[in-house]
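# here is a sequence with its predicted model. Questions after.
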There are 2 protein chains.
Amino acid sequence: MSSNSTRRLNINNINPHVREAKYAVRGELAVKSEEYRIKLARGDDDLPFKHVVSANIGNPQQLDQKPITFFRQVLSLVENPLLLEHEDVLLKHLDYKSDVIERAKWLLSKVGSVGAYSASNGAPGIRQSVADFLERRDGFPANWADVYMSIGASSGVSTLLHVIVEGPQTGILVPIPQYPLYTASLSVLNGTCVPYYLDESKNWGTDLSAIKSAYADGKAKGIDVRCIVVINPGNPTGATLSEEDVRGVIEFAREENLVIIADEVYQANVFAGEFISFKKVLRTLQQEQPGRYDHLELASLHSISKGMVGECGHRGGFFEMVGFDPEVQAEFYKFVSITLCAPVIGQCLVELMVNPPKPGDPSYPLYKQEYDAIYNGLKERAYALWRAFSRMEGVECGEPQGSMYLFPTIKLPQGAIDAAKEQGKTPDELYSLKLLEATGVCVVPGNGFGQKEGTLHFRTTFLAPGTEWVETIVKFHEDFLNQYR
Amino acid sequence: MSSNSTRRLNINNINPHVREAKYAVRGELAVKSEEYRIKLARGDDDLPFKHVVSANIGNPQQLDQKPITFFRQVLSLVENPLLLEHEDVLLKHLDYKSDVIERAKWLLSKVGSVGAYSASNGAPGIRQSVADFLERRDGFPANWADVYMSIGASSGVSTLLHVIVEGPQTGILVPIPQYPLYTASLSVLNGTCVPYYLDESKNWGTDLSAIKSAYADGKAKGIDVRCIVVINPGNPTGATLSEEDVRGVIEFAREENLVIIADEVYQANVFAGEFISFKKVLRTLQQEQPGRYDHLELASLHSISKGMVGECGHRGGFFEMVGFDPEVQAEFYKFVSITLCAPVIGQCLVELMVNPPKPGDPSYPLYKQEYDAIYNGLKERAYALWRAFSRMEGVECGEPQGSMYLFPTIKLPQGAIDAAKEQGKTPDELYSLKLLEATGVCVVPGNGFGQKEGTLHFRTTFLAPGTEWVETIVKFHEDFLNQYR
């Protein structure tokens, strides 16, 4: 029979760049954990655990985290503005405060209906509020026209890389370990990832000499290295950069004329040290040495998915563009216009995140209480997990600094390394798979983020409540070592 | 000074495929119309009109269309589940019905929190509800695992093309005129658009001979033509395909082994004839002639942005994949997982669209009344506009059939054609620009969608209320002809 009796598409003739992309955070283990979850929900009792703990992804509200009441009250009103015809009922019977009602009215005045498309890069009124926040945060002016609303930070990263990557010769400096969005997006775009290693011995800080040698290696291979990605606070590492570290990166970017992408989505998740934005340091440098940094291009990203907001399902975020050529910026605009606009309700939630209730506002006491409880809960869980790791043989982990993750090093016996090889897996993949099978705890093997040759890690969130699941990891680890010792 | 004192990115060294993409629906005229809107809001009175009418984009709720109450009531509860602790207040004081409360609880049981990521291709419970809808609509089974939730239909199209386009040699048959999402996405992906012309003389139906000759031309150029896009009902044309037309396309796709992308987002916007889905016709053919169509791959798209829902700002949609190789489908899954998931509140709204109140449900009477009023309003406006066009010299337009658009042919005097050339514009661009400047009505020139050489058109939505704006078009047209005659 002729060729038209088989399907047109097969794994060998689709887009090779999509085929080659890897995205372990939602890969094989995540799929398997969902199968377990379905089995357990069906009442199957042949698994050695009763719950699946999805520690593979920063998804706070899937676990224990409750949404912040003020945010959701406002969203309920912008979703159903007819409720605003019953202010007395809202105030008297439903625990809504007057500032909830005012904010909902204000947002509706800016977007019309949340069911209408906004401008391609977001509703101007909301972008103005974001600019005001950036100004308060950094102490330097921000222009709403340079703020682009996105569908979570992921779509922002995709937009930035889409415009920046000219072709296969374009190189982007990406930290290793990294959130695999960067390598996956570069793979799809057929750009070149130029990895630079973070310094585990310095609690995963940036190591300027590593950046410089990665850059030099890339250049020597004929790669047009034109951009550096920095994730601060780090994912998966949690590291929070000092001002000195940030200055170092900016100075290097100036010397080599690199665009900076600053992924700052964990800016509120800081336990040790202080978050300092790239924008603030750049503006400070520009003030200190007029003219020297004027040509620098910086795009920095933020999101409602993380922090104490944790509203990943709403898919909201933004990026600010500093110093870009207006003609280039127009291309960013055109690119985002092809996908029309970010979800307007997510844009509203961005506005609420950057402009929460202030002391004296009727909703402030509850907001503050909820916010602090989430922050303290995360910190406590991070430390509980960290202490558990410190009891585990061959496991090393720096003190929690920020983000939602710990990324311990694991040293595994040769038996485990050999067994993994036989099964066509890396040792950290085998370890994470066995952990899932034994305990229902789903983590991501270190190779999903990249790690130095010969080192092994896994990433786990510290979002899940309770300590029971932590103890099952400790127990599993001991059994695993004994099995392969 | 060294090269590092200028910006790294300029219009000539960014991604050339992004630079080359065109997207007129949100292009120069749309930007200009927003500037006018801001001027008017400021109170400036030096413009010859008092309002901007955005007839360039199908954005119902930006104009007159009110959201459907049932949908928004449910969404307010899933946004703020604390309201469910006050059922009596909802029922007695806020006009909520019991089915609103039940649905909100059911949705929350399926997604947990709308602030949590769902599975990458959408919450299983919602996808099951979509599959049930497809089964009711077509009379053939649908599998929830083949339903992928998307961020409006646009992201669905982007996902499909991302996997299907292997390289620059990959050709996709795209109708002309078309919604420019297809050409823009293909440009960004560096795939090849193989245009086939719709038949204006047959009210913009598919013309199989035009498809065949476009395909043959593409093949002769060495292009690997592997997919055909059909927009039904048509955008910008509104044409609704007969079952015979759909059969013809499927038979051709079978012969030439083409993947079919059926963009069916206007399936509820049909005034003349009846919408028949590609899936239904494919399954019917498979039943009639077992074996003959088994290998066919069909992806069909739907959205909450259009129809009587009109919730574009919520960015919800889905596509169903029929007949794809499981290995290929896994690549679609991986690709969507890189962007994590579609907004969960938008997924909830998709569920509400496909499973609205039924006769006998407490919310049904109001739902029915609102739905019918929107449908009838759109139809009336379509006809009012169409009648106005019939009074305009040199304008021809088929009777309204569906979608949200009319796409009249315009014949312009040589003077206008010459004037446009002098200004570096096409005649339809000049016409649309002058229309905007004179009346505040923003339409899209036909060349934004593609049109046969030597023909001129513009696309206008018929969403705006009232008849005043229609009369300003009639008046402008007369003046324009007189000016250039």
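That came in fine, so what should we check first?
# which elements pack onto the helix or strand of chain A with the lowest mean pLDDT?
Each helix and strand of chain A was given a mean pLDDT (mean pLDDT, DSSP states H and E); the minimum falls on helix A:28-41 at a mean of 87. Packed against helix A:28-41, as judged by 3 or more CB pairs under 8 Å, 6 or more residues apart in numbering or on different chains; DSSP states H and E, are the following elements: helix A:427-439, strand A:441-442. C-beta here means a position set from N, CA and C on the backbone, and glycine is covered the same way.
# tell me the most buried of these?
Per-stretch averages of neighbours, counted by mean count of other CB atoms under 10 Å in any protein chain shown, single out strand A:441-442 among these, with a mean of 24.
# pLDDT of the helix or strand that the least confident helix or strand of chain A is followed by, averaged?
Sequence-wise, the next helix or strand beyond helix A:28-41 is strand A:53-54, with elements assigned using DSSP states H and E. Along strand A:53-54, the predicted confidence averages to a pLDDT of 90.
# kindly report the same for stretch A:188-204.
Stretch A:188-204 comes out at a mean pLDDT of 91.
# off-centre distance for it?
15 Å (CA atoms, centre = their mean, to the nearest Å).
# the stretch 51-200 of chain A: strands as residue ranges?
Defined through DSSP state E, counting those that start in this stretch, the strands belonging to the stretch 51-200 of chain A, from first to last, are A:53-54, A:147-150, A:170-176, A:192-197.
# most tightly surrounded among those strands?
Here the criterion is mean neighbour count by mean count of other CB under 10 Å, and of those the winner is strand A:147-150, at a mean of 27.
# which other helices and strands does that one contact?
With contacts defined as 3+ CB pairs under 8 Å, 6+ apart, the secondary structure elements packing on strand A:147-150 are helix A:124-138, helix A:152-164, strand A:317-322, helix A:326-338, helix A:344-354.
# is chain B contacted by the second one?
Right, helix A:152-164. Yes: applying CB under 8 Å from any CB of the partner chain, one finds that helix A:152-164 is in contact with chain B at A:152, A:154-155, A:158, A:162-164.
# just to revisit the earlier point, now do the least confident helix or strand of chain A against helix A:427-439, angle only.
Helix A:28-41 runs at 0 degrees relative to helix A:427-439, counting by axes from the mean of the first three to the mean of the last three CA atoms, to 10 degrees.
# so residue A:225 sits in a helix?
No: membership of residue A:225 in a helix is not supported by DSSP: H, G, I helix; E, B strand; the rest coil, which gives strand.
# ok, residue A:274 touching residue A:240?
Yes: using CB atoms under 8 Å, residue A:274 is in contact with residue A:240, at 7.3 Å.
# in terms of neighbours, single out the busier of these two.
Neighbours around residue A:274 and residue A:240, counted as other CB atoms under 10 Å in any protein chain shown, are more numerous at residue A:240. The numbers are 25 against 9.
# show the pLDDT at that one.
Model confidence at residue A:240, given as pLDDT, is 89.
# repeat for residue A:415
pLDDT, residue A:415: 93.
# quick one, phi psi at it?
According to degrees, to the nearest 10, the main-chain angles of residue A:415 amount to phi -60, psi -40.
# for it, what are its contacts?
Residues counted as contacts of residue A:415 (CB atoms under 8 Å, 6 or more residues apart in numbering or on different chains) are A:483-485.
# quickly note the distance from it to residue A:446.
Using CB to CB, to the nearest Å, one obtains 19 Å as the distance from residue A:415 to residue A:446.
# likewise residue A:407?
7 Å.
# how would you label whichever residue of the stretch 351-485 of chain A sits closest to chain B: helix, strand or coil?
Proximity of the stretch 351-485 of chain A to chain B (CB to the nearest CB) peaks at residue A:463, 10.8 Å away. Following three-state DSSP, we place residue A:463 in the coil state.
# list the contacts for it?
Residue A:463 makes contacts with A:55, A:58-60, A:63-65, A:378, A:381, A:404, as judged by CB under 8 Å, 6+ apart.
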